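Undergrad: need a structure here:
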Amino acid sequence: MIYLIGDIQGCCDALERLLQTLDFSPSRDHLFALGDLVNRGTDSLGTLRRLQQLGASATCLLGNHDWHLLAAAEGIRPPHKQDTLQAILQAPDRDTHLHWLRHQRMAVLAHGWLMVHAGVVPQWDTDTTLQLAGELEQQLLSTELPAFLQVMYGNEPSVWRSELTGPERLRLALNTLTRTRFVHSDTGALELHSKEGSHGSPPGCVPWFEAPGRRTQGTPMAFGHWSTLGLVARPDLLALDTGCVWGGQLTAARLPEGPGGGVPEIIQVPCVAAQKHGAKHSDKSLQSGP
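TA: Numbering: from 1, shown residues only. This is a model prediction of the structure:
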């Protein structure tokens, strides 16, 4: 069985409960985690350890909170007040976890689905999305990663141009893949301030997946990141961040077996620890301000 799951954000208890509900078997099944593996939940360290235990049966994408962890580990940005990263940063085996994190993916095309953490701009087709994700993955493994972490924060440039190079190219690619919710309908420029649901589009903007002329339109896409959007389960679109860390659900989608596709089956478990913890909705990771 192939499963896609939304943002875990350090909710290790919910992850374990979901794996049990799925009767997940590493020898039989494969899990795709769509980013924001850590932060704001009560056990980010345990979440990383559990995902690593799954070995080759799990493919994990990185989201904005995961990149924020890498920056915090380099001392580039101190953790925010609501962050729950200290257990990782203070763990005796922290380097093992950071090393593992740097070897994860930014986008995956598998089983007919293009998977990202947040979204794409309308100018990107599937090949461009994977190419730019690959450039970020190379940066993660590079000795130049600390230098990029110093300059990755910020909202500009906001419009994709193929001639972009260097930090500007990587920053736009990172913001697109890890922070996108809305884009301007005329230019495809990123709108990185609003966090409302799809009915709260800022003036002149649309949800990225409704952008006119989106070149990934013919490829089914799955993403997380957007808890205020809620669950979307269509044969061509999966939105799986259902706000576990804010007291909602941790959601998995089981992809249909065999030809013909169809709507994936949705399986959810409540995030009891977050409900008890009283988490408040906030997301400052990778924003231009502290």
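Undergrad: now do the same contact list for the closest residue to residue 234 other than its chain neighbours.
TA: Distance criterion CB to CB, 6 or more residues apart in numbering; nearest residue to residue 234, sequence neighbours excluded, is residue 263 at 6.6 Å. C-beta here means a position set from N, CA and C on the backbone, and glycine is covered the same way. Residue 263 sits next to 233-235, 256 when contact means CB atoms under 8 Å, 6 or more residues apart in numbering.
Undergrad: just residue 130 next, same as before
TA: 107, 109.
Undergrad: now it, what's its secondary structure?
TA: helix (DSSP: H, G, I helix; E, B strand; the rest coil).
Undergrad: neighbours around residue 138, how many?
TA: Applying other CB atoms under 10 Å, we find 12 residues neighbouring residue 138.
Undergrad: check which helix or strand it maps to.
TA: Using DSSP states H and E, residue 138 sits within helix 126-141.
Undergrad: mind listing what's buried in that helix?
TA: The neighbour-count check on helix 126-141 (16 or more other CB atoms under 10 Å) flags 126, 128-130, 132-133, 136-137, 139-140 as buried.
Undergrad: let's have those residues in JSON lines, adding distance to residue 101 and pLDDT.
TA: Below are these laid out as JSON lines (distance: CB to CB, whole Å; pLDDT from 0 to 100):
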{"residue": "126", "distance to residue 101": "25", "pLDDT": "98"}
{"residue": "128", "distance to residue 101": "25", "pLDDT": "98"}
{"residue": "129", "distance to residue 101": "21", "pLDDT": "98"}
{"residue": "130", "distance to residue 101": "20", "pLDDT": "98"}
{"residue": "132", "distance to residue 101": "19", "pLDDT": "98"}
{"residue": "133", "distance to residue 101": "15", "pLDDT": "98"}
{"residue": "136", "distance to residue 101": "13", "pLDDT": "98"}
{"residue": "137", "distance to residue 101": "12", "pLDDT": "98"}
{"residue": "139", "distance to residue 101": "13", "pLDDT": "98"}
{"residue": "140", "distance to residue 101": "8", "pLDDT": "98"}
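Undergrad: switch those over to TSV; also include distance to residue 13.
TA: Formatted as TSV, these follow (distance: CB to CB, whole Å):
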residue	distance to residue 13
126	36
128	38
129	33
130	34
132	35
133	30
136	30
137	30
139	33
140	28
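Undergrad: ok, so of those, who is nearest residue 51?
TA: residue 140 (16.3 Å; CB to CB).
Undergrad: what sits against that closest one?
TA: By CB under 8 Å, 6+ apart, the neighbours of residue 140 are 62, 70, 102-104.
Undergrad: any idea whether the residue nearest to residue 234 is helix, strand or coil?
TA: coil.
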